[in-house]
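Undergrad: What follows is a predicted structure for the sequence shown.
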Amino acid sequence: MTILVTGGAGYIGSHTCVELLSGGYDVAVVDNYYNSVPAVLDRVEKITGKTLKRYDCDIRDRGGLERVFSENKIDAVIHFAGLKAVGESTKLPLLYYENNISGSVVLFEVMEKYDCKKIVFSSSATVYGNNPIPYKEDMVTGDVSSPYGRTKHFIEQILGDIYKSDNGWSISLLRYFNPIGAHESGLIGEDPNGIPNNLMPYISRVAIGKLPQLTVFGGDYDTKDGTCIRDYIHVVDLAKAHLCAVAKILDTTGIEAYNIGNGVGYSVLDIIRAFEKASGKKLNYVIGDRREGDLPAFYADATKANKELNWHAEYDIEKMCADSWNFQKNNPDGIK
Ligand code: NAD
Ligand code: UD1
């Protein structure tokens, strides 16, 4: 059984490749290394003792994708490839629409041509926008605040239209909450280029001494300690959810969305304390202004994924922080 993983050299993709290879699947990766390096895939092979097929290819390159499908019998696709920086997407919306949406359309067309109609898509909790919490899959989506978020919403809609036109498709939309943590080997983890936008890589770089100080974005929210609440999920738990989704789509047809989160909300200060405990380092931080576009609090109702995918998150916040720190400590200059 061969799974094509687009964006397989990225943060979530690489952890999912480890789980797929360990689970006995053959894996083909398509990545243009825009936000990753090929060495990540060497490390995936080192962790698993197995090899995968790699294609240095952009998902917008139809010819390149056709080569992948003609050289392999692809049973299902897990589609991670995309740009994900929310702030950047507000400055460069066309880049986001072109890369994420046009790229996805090319991928779906090639899948259709090669009669591969099974896909797991990386969506995001961002599609819920300003809904009451906890978020549930049947809530109205689309009231999103950034071009990045809109690309996720639009791709969900495109996949919905594809299914309506052809009930032979089997589509799983995984709405991720906030993935953090790393593989416990310390070989792969989140390794963003430049100054990180997201909380955990920022904290890790302050702890390792690469950045001077963390700014907590807002201390005056109407939450238990004034800082924002999020549903953090260990990236290995998230990776495993993809295997559950693949098992489901291989067996059925239809389109379903699933929340992939722990269902527990932690504040920014909770994360800082848990990280300090796990790393034994005191974090230098200040409370600053709110970040534009941040919601005060959101977390998942993950009951649907628990029941229908038979997926349950295993790891707690301590393990997430310990593994993030282990990766940072072992790779102070990132993955080269
Ligand atoms: P990542 O940037 O680490 O991985 C994405 C990978 O896709 C990278 O290796 C990048 O080089 C590749 N890529 C980008 N555009 C491509 C293209 N046109 N052709 C081929 N490869 C391309 O990001 P991640 O954190 O692993 O996220 C994976 C997916 O999950 C993304 O679609 C992201 O939007 C989504 N997601 C991420 C989060 C999160 O917090 N990390 C949350 C919700 C959803
Ligand atoms: C953000 C995106 C979301 C995207 C996800 C992964 C927004 C509104 N949402 O989620 O669409 O899927 O990233 O790319 O941008 N924080 C600080 N200081 C920092 C960084 C973050 O206090 O230096 C706080 C934030 O205010 C937030 C929490 O930490 O409360 C988590 O932030 P982050 O990791 O950026 O994720 P989200 O904003 O939840």
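TA: Sure thing, it's come through. Ligands and ions are numbered 1, 2, ... in the order given.

Undergrad: The residue nearest to Val27 when sequence neighbours are not counted and Val5: what is the separation?
TA: Using CB to CB, 6 or more residues apart in numbering and skipping the chain neighbours, the partner closest in space to Val27 is Leu52 (4.2 Å). From N, CA and C alone the C-beta is placed, and that goes for glycine too. Plainly put, Leu52 is 8 Å away from Val5 if you go by CB to CB, to the nearest Å.

Undergrad: Settle it for me: which of these two has more neighbours?
TA: Val5 (28 against 21; other CB atoms under 10 Å).

Undergrad: and for Leu52 and Val5, which residues touch both?
TA: Common contacts of Leu52 and Val5, defined by CB atoms under 8 Å, 6 or more residues apart in numbering, comprise 17, 27-29.

Undergrad: Touching stretch 274-294 from outside, list them.
TA: Residues contacting stretch 274-294 (CB under 8 Å, 6+ apart): 86, 145-146, 200, 203, 206-207, 212-221, 226-228, 266, 272, 317-318, 320-322, 324-325, 329.

Undergrad: In PyMOL, how would I select just the buried ones from those?
TA: Of the contacts of stretch 274-294, the buried ones go into a single PyMOL selection, burial set by 16 or more other CB atoms under 10 Å:
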select buried, resi 86+145+146+200+203+206+207+214+216+217+218+219+221+226+227+228+266+272+317+320+321+322+324+325
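
Undergrad: out of the contacts of stretch 274-294, which touch ligand 2?
TA: Among the contacts of stretch 274-294, the residues lying close to ligand 2 (CB under 6 Å from any ligand atom) are 86, 214-217, 228.

Undergrad: out of those residues, which are inside helices?
TA: Using DSSP state H, the members of those that fall within helices are Val86.

Undergrad: When you compare pLDDT across the ones next to ligand 2 among the contacts of stretch 274-294, which one is lowest?
TA: Confidence by pLDDT is poorest for Val86 among these, given 94.

Undergrad: Contacts only, for that residue.
TA: Contacts of Val86 (CB under 8 Å, 6+ apart): 126, 146, 148-149, 197, 293.

Undergrad: give me phi/psi at Ala322?
TA: Phi and psi for Ala322, reported as degrees, to the nearest 10, are phi -60, psi -40.

Undergrad: Would you quantify the distance from it to His234?
TA: Taking CB to CB, one finds Ala322 at 10 Å from His234.

Undergrad: what does Pro192 give?
TA: Remark: distance between Pro192 and His234 (CB to CB) = 18 Å.

Undergrad: Of the two, give the one with the bigger neighbour count.
TA: The neighbour count for Pro192 versus His234, taken as other CB under 10 Å, is higher for His234 (26 against 17).

Undergrad: I figured the more buried one hits His312, correct?
TA: No - between His234 and His312 no contact is recorded; they are 11.9 Å apart, counting by CB atoms under 8 Å.

Undergrad: This protein against ligand 2: which residues are in contact?
TA: Checking the chain against ligand 2 by CB under 6 Å from any ligand atom, the hits are 84, 86, 124, 126, 149, 178, 197-199, 202, 214-217, 228, 230, 268, 291, 293-294.

Undergrad: Can I get the buried part of those as one ChimeraX selection?
TA: Those of the residues of the chain next to ligand 2 that count as buried under 16+ other CB under 10 Å are selected in ChimeraX with:
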select :84,86,124,126,149,178,198,199,202,214,216,217,228,230,268
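
Undergrad: In helices only, show me the residues of the chain next to ligand 2.
TA: Short answer: these in helices (DSSP H) are 86, 149, 199, 202, 268.

Undergrad: close to ligand 1, is the lowest-mean-pLDDT helix or strand in the chain?
TA: One helix or strand of the chain scores below all others by mean pLDDT, DSSP states H and E: helix 86-91, with a mean of 95. No - using CB under 6 Å from any ligand atom, helix 86-91 never reaches ligand 1; the gap is at least 9.6 Å.

Undergrad: Nearest to ligand 1 within the chain, name that residue for me.
TA: Scanning the chain for the residue nearest ligand 1 gives Gly10, at 1.9 Å (criterion: CB to the nearest ligand atom).

Undergrad: In terms of pLDDT, where does that residue sit?
TA: 98.

Undergrad: cool, and Asn193?
TA: The model's pLDDT for Asn193 equals 86.

Undergrad: Check Ser145 too.
TA: For Ser145, pLDDT reads 89.

Undergrad: quick one: contacts for it?
TA: The contact partners of Ser145, by CB under 8 Å, 6+ apart, come to 126, 129, 293.

Undergrad: And Glu190, by the same measure?
TA: Counted by CB under 8 Å, 6+ apart, Glu190 has contacts 11, 180, 182, 198, 200-201, 235, 324, 327.
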